[in-house]
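> just coords:
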């Protein structure tokens, strides 16, 4: 496997330095994912922009966690599942939601389960969902904007999950207590 560089403020390309400073200001540290992405300032900036835009969507903290973690778990992202478990805790998401997502068991709310099912249908179908899947999503109380915001999250998570796969990004120390691997 190729060793990818995890940059800091001294080693990062010049265009990535303000982006890493932004990450450090937001998280109190430079997350390992951002340190790796810094090699391509365009990737890091794109990821940061998509993250901000998704957090500004109509989804609440529980729903954002469902979308992010459904994708992370499906992609078996060793880095993002622990990271988003910690983020969910910081956002006040009930542990029962995080546990169900991590363990791929039924969520405590039918609406959240519909959101996970739709997110996975979009992911697995590469954007092709059938009428029944769309109807179930709408019947659960979601709308066309929610469909498009799931696509936004998919774009964001492909960037992070794929980066972590190729770089084998080590899980940040602060998130290691949430270590995870996909059940066989």
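Nice, thanks for sending it over. Everything quoted here is computed from the prediction, not taken from an experiment.

> and this protein, what are its domain boundaries?
Under the assignment automatic domain parsing, the domains of the chain span 14-54, 59-178.

> out of these, flag the one nearest residue 6.
Taking CB to CB, domain 14-54 is the member of these nearest to residue 6, at 3.9 Å. C-betas here are computed from N, CA, C, even on glycine.

> max-length helix in this structure?
Longest helix in the chain, counting residues (DSSP state H): helix 144-167.

> what's in contact with that helix?
Helix 144-167 is contacted from outside by 2, 4, 33, 36-37, 43, 46-47, 50-51, 53-54, 57-59, 64, 67-68, 71-72, 75, 77-80, 115, 118-119, 122-123, 127, 134, 137, 169, using CB atoms under 8 Å, 6 or more residues apart in numbering.

> and the helices in this protein, which stretches?
Secondary structure of the chain (DSSP H): helices located at 17-27, 32-37, 41-55, 61-74, 80-90, 95-103, 110-124, 131-139, 144-167.

> helices and strands around the first one, which ones?
With contacts taken as 3 or more CB pairs under 8 Å, 6 or more residues apart in numbering; DSSP states H and E, helix 17-27 sits against helix 32-37, helix 41-55.

> tell me the most buried of those helices?
Highest mean neighbour count of the helices and strands packed on helix 17-27: helix 32-37, a mean of 25 (counted as mean count of other CB atoms under 10 Å).

> circling back to that earlier point, mean confidence score for the longest helix of the chain?
Averaged across helix 144-167, the pLDDT comes to 98.

> so how far is it from its chain's centroid?
Remark: helix 144-167 is offset 7 Å from the chain centroid, using CA atoms, centre = their mean, to the nearest Å.

> which residue packs closest to residue 48, ignoring adjacent ones?
residue 19 (6.3 Å; CB to CB, 6 or more residues apart in numbering).

> got any ranges where this structure has weak pLDDT?
Applying pLDDT under 70 to the chain flags residues 1.

> okay, the helices and strands packed on helix 17-27 in TSV with distance to residue 13 next?
Listed next are the helices and strands packed on helix 17-27 as TSV, based on distance: least, CB to CB, whole Å:
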stretch	distance to residue 13
helix 32-37	11
helix 41-55	6
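
> looking at these, which is closest to residue 88?
helix 41-55 (12.8 Å).

> the closest residue to residue 139 other than its chain neighbours: what's it in contact with?
Spatially, and ignoring its direct neighbours in sequence, residue 139 is nearest to residue 114 (7.7 Å; CB to CB, 6+ apart). Applying CB under 8 Å, 6+ apart to residue 114 gives the contacts 136-137, 139-140, 142.
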